[in-house]
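A structural model of the following input is requested.
(chains A and B)
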Amino acid sequence: DTEVTQTPKHLVMGMTNKKSLKCEQHMGHRAMYWYKQKAKKPPELMFVYSYEKLSINESVPSRFSPECPNSSLLNLHLHALQPEDSALYLCASSQGGVPGTQYFGPGTRLTVL
Amino acid sequence: DAKTTQPNSMESNEEEPVHLPCNHSTISGTDYIHWYRQLPSQGPEYVIHGLTSNVNNRMASLAIAEDRKSSTLILHRATLRDAAVYYCIPSSGNTPLVFGKGTRLSVIA
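The predicted structure is shown next:
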């Protein structure tokens, strides 16, 4: 099973709302990732968790707050977002180490009004 | 991170082989060459990876130049379901994947 699941599939929120994106994997992977993808652009790395600890934050604004409650689950908490934050948010996981194959979820399509 | 150069777009006829090139002249000695693809409205999907030798799997073949400065992903018989953006990504595995612009492959019936 190489499945990474993400919920919800679609999310529409206002700039004053608080919402969360959820990602889950049951492959025993120790590294989990959040990427952001704008239309017709490649995915851009946001955060990396390794062994449930935040190891990389690519200078992401604080209105995005990641959380890794356990080794299978990754959340992205959203607060006071801007319309330009509308994008596809992708979660991925990997075993860690070489060769570093990552498995991606289908993404959450976020629209900020 | 190694810089990659891929054609912006390519077109293929259905049932024909497709060769997708990638230049990665600044690749380090420990970097694997990964290929991912992203179908419309989906997350990226792992295709294949290699280090020095050519590799085959059920999806594709990967041909790696002897100097490792370039590689070619080969789809042996393109189908309509292979229409996607294909990304070539050098990575040591100890750092996250960094996506370039990729090649948008169109398959014509």
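
contacts, neighbours, all on C-alpha from now
Fine.

list of residues touching stretch A:19-33?
In this structure, residues lying in contact with stretch A:19-33 by Cα atoms under 8 Å, 6 or more residues apart in numbering or on different chains are A:1-8, A:13, A:45-52, A:71-79, A:91-96, A:105, A:108.

what's around residue 100, how many residues?
You didn't pick a chain, so chain A it is. 21 (other Cα atoms under 10 Å in any protein chain shown).

wrong one, I was asking about chain B
Using other Cα under 10 Å as the criterion, residue B:100 is surrounded by 18 other residues.

wait, isn't it in contact with residue B:8?
No. The criterion here is Cα atoms under 8 Å, and residue B:100 misses it with residue B:8 at 10.6 Å.

which positions within stretch B:73-90 qualify as buried?
Burial within stretch B:73-90, assessed by neighbour count using 16 or more other Cα atoms under 10 Å in any protein chain shown, is assigned to B:73-75, B:78-79, B:82-90.

max pairwise distance over the residues you listed: which two?
B:79 and B:90 (26.2 Å; Cα to Cα).

now do the contacts for residue B:30.
Taking Cα under 8 Å, 6+ apart, one finds residue B:92 in contact with residue B:30.

sorry, back to before: for ChimeraX, what selects the buried ones among the contacts of stretch A:19-33?
Buried members of the contacts of stretch A:19-33, identified by 16+ other Cα under 10 Å, are gathered into one ChimeraX selection as follows:
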select /A:4,5,6,7,13,45,46,47,48,49,50,52,71,72,73,74,75,76,77,78,79,91,92,93,94,95,96,105,108
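
in strands, which of the contacts of stretch A:19-33 appear?
The strands, defined by DSSP state E, take in A:4-7, A:13, A:45-50, A:73-79, A:91-94, A:108 from the contacts of stretch A:19-33.

hey, where'd the helices end up in chain B?
Remark: no helices are assigned in chain B by DSSP state H.
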